[in-house]
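Q: Dropping a prediction and its sequence here:
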Amino acid sequence: MAKPIDLSGFRMDSATALKRVGKNHRDQFMWECRCDCGELFYAVAANIKLKRINHCGCQSTKNRRQAHTHHGKTRTPEFNSWQGARDRCLCPTNKAYAYYGGRGIRICERWMSFDNFLQDMGPKPSPRHSLDRINVNGDYCPENCRWATPAEQARNRRNNVRITIDGKTQTLYEFYGRKSSSAYTMANRMIAKGVTPEEAASLCPPK
């Protein structure tokens, strides 16, 4: 087992690592850090070393205030999407941080500015659309993001079951479609018990 790196005193852009405080639920070493604003926060060792975490989240608040001053669009759906993505990646106190910033998902430098984000993404096509990463393990950046409907996002989740039939690979949801919800549910139950997706599909064909 590799010896953990001592990051005591390691300097990020606006914070300093202080001491190791154990591991998180993903068995990753966590460090207590002090932001230049004075606040303490916790971050994964790898994110500190790569400077993916640079502050406690106070800069996000500062940038939001600046955004409100400069473009007056803080009440728009596009701004809310941008702010949510930033907080998930940069703020350890965010309830979804473990699934984003905590596992290395970043927001690109260009998108630290809301104006750049809006220029790249444009307005939301409809109230039903939300910000979606095409590669669910990739960062928030122009080449990896789109406005997607709930159905498109559902097909793009990390925990989706994928099935290959006649050389075509797709999600189980796509294979069954909306009209075969009962067969889809039954197939999912069988897969949970250890049956392969292909076997489950043959036993529960789409209706």
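A: Done, it's in.
Q: hey, where'd the helices end up in the protein?
A: Secondary structure of the chain by DSSP state H: the helices cover 45-49, 58-71, 77-90, 114-121, 150-154, 172-176, 181-192, 197-203.
Q: May I see those helices organised as TSV, with distance to N137 added?
A: Using the backbone N, CA and C atoms, a C-beta is placed for each residue, glycine as well. Formatted as TSV, the helices of the chain follow (distance: least, C-beta to C-beta, whole Å):
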stretch	distance to N137
helix 45-49	15
helix 58-71	23
helix 77-90	13
helix 114-121	20
helix 150-154	15
helix 172-176	19
helix 181-192	22
helix 197-203	21
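Q: now those helices in TSV, with mean pLDDT and distance to G38?
A: As requested, the helices of the chain are exported to TSV (pLDDT from 0 to 100; distance: least, C-beta to C-beta, whole Å):
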stretch	mean pLDDT	distance to G38
helix 45-49	87	18
helix 58-71	54	9
helix 77-90	92	18
helix 114-121	92	26
helix 150-154	72	38
helix 172-176	72	47
helix 181-192	78	48
helix 197-203	83	52
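Q: Rebuild those as a markdown table, extending it with mean neighbour count.
A: Below are these laid out as a markdown table (neighbours: other C-beta atoms under 10 Å):
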| stretch | mean neighbour count |
| --- | --- |
| helix 45-49 | 19 |
| helix 58-71 | 14 |
| helix 77-90 | 20 |
| helix 114-121 | 17 |
| helix 150-154 | 13 |
| helix 172-176 | 20 |
| helix 181-192 | 16 |
| helix 197-203 | 16 |
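Q: top strand in this protein by residue count?
A: strand 15-23 (DSSP state E).
Q: about what we covered before: and R103, which of the helices of the chain is closest to it?
A: Comparison of the helices of the chain against R103 by C-beta to C-beta identifies helix 45-49 as nearest, at 9.1 Å.
Q: What sits closest to the residue nearest the centre of the chain if chain neighbours are left out?
A: The residue lying closest to the centre of the chain (C-alpha atoms, centre = their mean) is Y100, at 3.8 Å. Excluding the flanking residues, the one nearest Y100 by C-beta to C-beta, 6 or more residues apart in numbering is R88, at 3.9 Å.
Q: any idea how far the one you found lies from C141?
A: Between R88 and C141 the computed distance is 14 Å (C-beta to C-beta, to the nearest Å).
Q: T185 too?
A: Per C-beta to C-beta, T185 is found 36 Å from C141.
Q: Now for G22: which residues touch it?
A: With contacts defined as C-beta atoms under 8 Å, 6 or more residues apart in numbering, G22 is in contact with F29, M30.
Q: State the pLDDT value of it.
A: We have a pLDDT of 84 for G22.
Q: domains for this structure, by residue range?
A: Here the domain parsing of the chain from automatic domain parsing is 1-56, 57-152, 162-203.
Q: how far does the longest one stretch from start to finish?
A: If I follow you right, that is domain 57-152. End-to-end distance for domain 57-152, by C-alpha to C-alpha, to the nearest Å: 30 Å.
Q: That domain: how far from the chain's middle?
A: 10 Å (C-alpha atoms, centre = their mean, to the nearest Å).
Q: same deal with the shortest one?
A: In terms of C-alpha atoms, centre = their mean, the centre of domain 162-203 is found 26 Å from the chain centre.
Q: Tell me if I'm right that the residue nearest to Y100 and N94 touch.
A: Yes: judged on C-beta atoms under 8 Å, R88 makes contact with N94 at a distance of 5.6 Å.
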